[in-house]
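with the sequence up front, the predicted model follows.
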Amino acid sequence: ALGARSLLADPRSSATRDRLNDVVKRREPFRPFAPAVRHEDFDGWLHGGPDAMTPFMTTVRTVRDPDALAAVTHVDGTARAQSVAPDGGLLRAVLDAGPGVVLNTSLNGGGEPICGTGTDALSFFVRHRVDALIVEDVEITRP
């Protein structure tokens, strides 16, 4: 879920985390979600400086303001963040259109495999209460 086959959401509210856990993922509330952060904004959201940035969700960093990233901050004040470079495609475009950080998790519901095709993604959209779906260059939104 590094930006492809991902479920993206606003990371600034714990209500986002709760909705995803209760409605989509159906998992324990203590399991954290991860943020995807614009490369140049990384140090503003997380401690660690340039050496902490990675395009993969493989390292844990301390969040500078846990209340500001409530949906992606673990109980110990950390997050498993992904840094997104300027050439980061659609994920980067989403980051550029908002606050520079999003909640990023795999595109699947609880107990389901990750969506592997556009048909899988459309089925996911129909089954779960998510606001929009983008597959290739097609955007589908709920009325």
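Structure received.

straight-line length of stretch 73-91, end to end?
Taking C-alpha to C-alpha, to the nearest Å, the first and last residues of stretch 73-91 lie 20 Å apart.

once you drop chain neighbours, what's closest to the spatially most central residue of the chain?
By C-alpha atoms, centre = their mean, the chain has its centre lying nearest to Asn104, at 1.2 Å. Closest residue to Asn104 apart from its sequence neighbours, by C-beta to C-beta, 6 or more residues apart in numbering: Ala36 at 4.1 Å. To be clear about C-beta, it is placed using only N, CA and C from the backbone, and glycine gets the same treatment.

name the helices or strands packed onto the helix or strand containing the one you found?
Following DSSP states H and E, the helix or strand that holds Ala36 is strand 34-38. With contacts defined as 3 or more C-beta pairs under 8 Å, 6 or more residues apart in numbering; DSSP states H and E, strand 34-38 has these neighbours: strand 82-84, helix 89-97, strand 101-106.

what are the boundaries of the helices in the chain?
Using DSSP state H, the helices of the chain run over residues 14-19, 42-45, 89-97, 118-127.

mean neighbour count, those: which tops it?
helix 42-45 (a mean of 19; mean count of other C-beta atoms under 10 Å).

thinking again about what came up before, tell me the pLDDT of the residue nearest to Asn104.
Per-residue pLDDT puts Ala36 at 95.

what about it, distance to Gly110?
Look at Ala36 and Gly110: by C-beta to C-beta, to the nearest Å, they are 21 Å apart.

who has more neighbours out of these two?
Ala36 (28 against 11; other C-beta atoms under 10 Å).

contact partners for Ala70?
Pro11, Arg12, Ser13, Ser14, Thr16, Arg17 (C-beta atoms under 8 Å, 6 or more residues apart in numbering).

10 Å instead?
Contacts for Ala70 (C-beta atoms under 10 Å, 6 or more residues apart in numbering) come out as Pro11, Arg12, Ser13, Ser14, Ala15, Thr16, Arg17, Asp18, Val63.

ditto for Arg27
Per C-beta under 10 Å, 6+ apart, neighbours of Arg27: Leu20, Asn21, Gly109, Gly110, Gly111.

many thanks, we can stop here.
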